[in-house]
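S.K.: Sharing a sequence plus its predicted fold:
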Amino acid sequence: MHPLSKRITHAAACLLSVAPSGVAFAQSGPSEPDHVLAATPETVHWGYFSPDLDPVLTIASGDVVRVETVTAVGFSKEDPEGAVERLGLEPVDAVADLIDILAEVENEGVHILTGPIRIEGAEVGDVLEIRVYDVAVRSPFYGVNISRTTGGALPDLVPDEGYERVFDIDVETGSIAFNESIELPLAPFMGIMGVAASERVSSVPPGRYGGNMDLKEIVAGTTLYLPVLIEGGMFSTGDGHAAQGDGEVNLTAVEAPLTLTAEFILHKDMEIGFPRVETPSHYISMGLDPDLNMAAELAVRESIDFLGAEFGLSTLDAYSLTSLGVDLEVSQIVDQTKGIHAMIPKSLFTDLEDDFWAAE
């Protein structure tokens, strides 16, 4: 049995079905979370992670938290009502929350993050496991995609005034109409999930702390592991994506306000250097660097370290297996620090007795 698959808690009764697209949707789980954290001016911070922020919620290991988020994409702090009219939105629920936040919270960057959440007993060197039970789109069920001349893979394609699209999200059919003949599958995930770094950092580049990883594999039914870098961990999340392609090449995804429901489990007996992910079908190691080639190299090294530590392979055997059976994929190329992730199929391991909590 793989060490990452041994941990069962009260909330592991959550059952999942897997749609043809491969997106997992939670069917059942805890009847109620232990905590609900709304997105309000008092519970968000804008544009950064910092060890100096006070927690807005303190939880115990094993607690399940429902976290509401908003997105400021398409809005300006100066004229939110104008954005509501331009985008054709109703000023209710997530949009009403956003308007309150824009009026009261200082803009210190790009992403509005809900948190931080302090985990009792978390110490430097621990590992925080985040079991993602559900990721849901918030009313009024919309998303925005923008391009700017300042970023993306091909900023020279974008006119000076930029590019903006607003989408209606059909939660009943699980789809997003791109136009009359093109439809995107709804596949919500949090673009940002992270703990506080040891110093203040922008929310744009990801790092050891997680953050803006934009890894579309972290949907409902998956687990994220993060190294704890300061006392309490101090977890925050935001930058909800209703759909995204690997690369996020035009700068943004379908940016949408989402609600994350997750269990937070503290581990004293694990050691990781970078974020890792587990899904019903894969282990995922990550490489993050401003240079995409270096990010790939780091992802390979993380894969080698994982295979050695968890399956007892020598360095050269792990290097060989990574070449023969592991796929490197591009997470994103637009967040200053670029991301490559190594997809390690569980099907490679014939003796694996996998009881991952969300196993298919």
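M.R.: Received it, and whenever you're ready, just let me know what you need. Numbering: from 1, shown residues only.

S.K.: Going by neighbour count, which residues in stretch 305-315 are buried?
M.R.: 305-307, 310-311, 313 (16 or more other C-beta atoms under 10 Å). In this view, the C-beta of every residue, glycine as well, is placed from N, C-alpha and C.

S.K.: give me the number of residues near Thr350?
M.R.: 5 (other C-beta atoms under 10 Å).

S.K.: what does the one 3 residues further on give?
M.R.: Using other C-beta under 10 Å, Glu353 has 9 other residues around it.

S.K.: From the buried residues of stretch 305-315, which land in helices?
M.R.: If you go by DSSP state H, the buried residues of stretch 305-315 have 305-307, 310-311 in helices.

S.K.: Turn those into JSON lines, including pLDDT and distance to Ala318.
M.R.: As requested, these are exported to JSON lines (pLDDT from 0 to 100; distance: C-beta to C-beta, whole Å):
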{"residue": "Asp305", "pLDDT": "96", "distance to Ala318": "8"}
{"residue": "Phe306", "pLDDT": "97", "distance to Ala318": "8"}
{"residue": "Leu307", "pLDDT": "98", "distance to Ala318": "4"}
{"residue": "Glu310", "pLDDT": "94", "distance to Ala318": "10"}
{"residue": "Phe311", "pLDDT": "96", "distance to Ala318": "8"}
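
S.K.: Can you tell me which of the residues you listed is nearest Glu104?
M.R.: Phe306 (43.3 Å; C-beta to C-beta).

S.K.: Which residue, other than its chain neighbours, is closest to that closest one?
M.R.: Among residues not flanking Phe306 along the chain, Ser285 sits closest, at 5.3 Å (C-beta to C-beta, 6 or more residues apart in numbering).

S.K.: Please apply the same query to Ala38.
M.R.: Glu68 (5.1 Å).

S.K.: about what we covered before: can you classify the residue nearest to Phe306 as helix, strand or coil?
M.R.: strand (DSSP: H, G, I helix; E, B strand; the rest coil).

S.K.: ok now do it, which residues does it touch?
M.R.: Counting by C-beta atoms under 8 Å, 6 or more residues apart in numbering, Ser285 touches 274, 276, 299, 302-303, 305-306, 341-342, 344.

S.K.: Out of the residues you listed, give me the one that has the most neighbours.
M.R.: His341 (30 neighbours).

S.K.: That residue: what secondary structure?
M.R.: His341 is classified as strand under three-state DSSP.

S.K.: So for it, what's the pLDDT?
M.R.: With respect to pLDDT, His341 scores 97.

S.K.: Wait, a strand at Met190?
M.R.: Yes - assessed with three-state DSSP, Met190 lies in a strand.

S.K.: The nearest residue to it once chain neighbours are set aside: neighbouring residues, count only.
M.R.: Nearest residue to Met190 in three dimensions, chain neighbours excluded: Thr237, at 5.0 Å (C-beta to C-beta, 6+ apart). Neighbourhood size, Thr237 [other C-beta under 10 Å]: 27.

S.K.: CA atoms of the strand or helix carrying Thr237 as PDB?
M.R.: Taking DSSP states H and E as the definition, Thr237 sits inside strand 235-241. What follows is strand 235-241, C-alpha atoms only, in PDB (Å, rounded to 0.1, in the frame of the first residue of the first chain):
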ATOM      1  CA  PHE A 235      -3.800  28.600   4.300                       C
ATOM      2  CA  SER A 236      -5.500  30.900   1.800                       C
ATOM      3  CA  THR A 237      -7.300  30.300  -1.400                       C
ATOM      4  CA  GLY A 238      -8.800  32.100  -4.400                       C
ATOM      5  CA  ASP A 239      -8.500  32.600  -8.200                       C
ATOM      6  CA  GLY A 240     -11.400  30.300  -9.000                       C
ATOM      7  CA  HIS A 241     -11.400  28.700 -12.400                       C
END
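
S.K.: what's downstream of it, the next helix or strand?
M.R.: According to DSSP H and E, the helix or strand after strand 235-241 is strand 258-267.

S.K.: next SSE after that following strand?
M.R.: Once the chain leaves strand 258-267, the next helix or strand it forms, by DSSP H and E, is strand 276-278.

S.K.: Who are the packing partners of that following strand?
M.R.: Counting contacts by 3 or more C-beta pairs under 8 Å, 6 or more residues apart in numbering; DSSP states H and E, strand 276-278 packs against strand 222-227, strand 282-289.

S.K.: what residues does that strand touch?
M.R.: With C-beta under 8 Å, 6+ apart, strand 276-278 has contacts from 4-5, 215, 217-218, 222-225, 283-286, 302, 306, 341, 356.

S.K.: From His35, how far out is Leu260?
M.R.: 12 Å (C-beta to C-beta, to the nearest Å).

S.K.: Show me which of these two is the more surrounded one.
M.R.: A direct count of neighbours by other C-beta under 10 Å for Leu260 and His35 places Leu260 higher, at 25 against 16.

S.K.: which residues touch the more buried one?
M.R.: Leu260 neighbours (C-beta under 8 Å, 6+ apart): 66-67, 69, 132, 134-135, 190, 193, 237.

S.K.: Please list only the buried members of the residues you listed.
M.R.: For the contacts of Leu260, a neighbour count by 16+ other C-beta under 10 Å gives the buried set as 66-67, 69, 132, 134-135, 190, 193, 237.

S.K.: Pick out whichever of the residues you listed sits closest to Pro290.
M.R.: Met193 (20.9 Å).

S.K.: Show me what the closest residue in space to Val277 that isn't next to it in sequence is bridged to.
M.R.: Spatial nearest neighbour of Val277, excluding adjacent residues (C-beta to C-beta, 6+ apart): Ile284 at 3.8 Å. As for beta bridges, Ile284 partners with Val277, Met343 under DSSP bridges.
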